[in-house]
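Student: Sharing a sequence plus its predicted fold:
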Amino acid sequence: MYDFIEGQIEKLTPAFAVLNCNGLGFHINISVYTFEKLKLLAKARLLVHQVISEDSHSLFGFFNEREREVFRHLISVSGVGANTARVLLSSLNEDTIINAIIRKDAALLQSVKGIGPKAAQRLILELHDKFGKFGQSVSLVQGATANAFDEALQALIALGFVRATAEKALLRVHKDQGDTATTESLVKDAFKYL
């Protein structure tokens, strides 16, 4: 199983990227969100998820861990395939998807091509509780500091802390720091609660 692929960007479209990794070209399906992040880069590191079916082996790439995690939850729902999950992530960003599922907003989910009423209800039914945990940071941390919060969370997870524990500590720190929060200050102060 691949975790990430890093290399020169040989080709980039809103649907896929080709990364040259030491002379080996990887065709990686991406969302529009990831495409936007890669547009100005010559070299990239994409987190990947491999999908193996009877007639193909496909790689799906993500710019950050949160997007990959949401993708993995989406494809765990019966009837939602990898391409449908990618369309969802291209039409709505991961925070919007999480909030729509938490708020049980079937109409918003159905606004995405390929998501009918039954699929929207299945997504809400199967992912509501799982995304409830994600949603705490989404709803409480928005605006300019949301990016710093996300980066701090990824840093703490990389250091070996459990996501839920790290998120709880960061929420406490963010409450104190407010709009002045930076990634560095969030991580540093979060250690007090870990």
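Tutor: That came through, no problem. Here the structure is a predicted model, which means the values were calculated and not measured. Residues are numbered from 1 along each chain as shown.

Student: so what are the domain limits for the protein?
Tutor: Using automatic domain parsing, the domain ranges for the chain come out as 4-62, 66-133, 145-193.

Student: Redo the ones you listed as CSV? Include mean pLDDT and mean neighbour count.
Tutor: In short, each C-beta sits where N, CA and C put it, glycine included. Output for the domains of the chain, formatted as CSV (pLDDT from 0 to 100; neighbours: other Cβ atoms under 10 Å):
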stretch, mean pLDDT, mean neighbour count
domain 4-62, 94, 15
domain 66-133, 89, 18
domain 145-193, 80, 17
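
Student: what about residue 72, distance to residue 55?
Tutor: Remark: distance between residue 72 and residue 55 (Cβ to Cβ, to the nearest Å) = 22 Å.

Student: can you tell me the helix or strand for the residue nearest to the spatial centre of the chain?
Tutor: Centroid-nearest residue in the chain, with Cα atoms, centre = their mean: residue 67, separated by 1.0 Å. In this assignment (DSSP states H and E), residue 67 forms part of helix 65-75.

Student: and that helix, what other elements does it pack with?
Tutor: For helix 65-75, the packing partners by 3 or more Cβ pairs under 8 Å, 6 or more residues apart in numbering; DSSP states H and E come out as strand 43-52, strand 57-62, helix 82-91, helix 94-102, helix 117-140, helix 145-158.

Student: hmm, try it at 7 Å
Tutor: When contacts are defined as 3 or more Cβ pairs under 7 Å, 6 or more residues apart in numbering; DSSP states H and E, helix 65-75 packs onto strand 43-52, strand 57-62, helix 82-91, helix 94-102.
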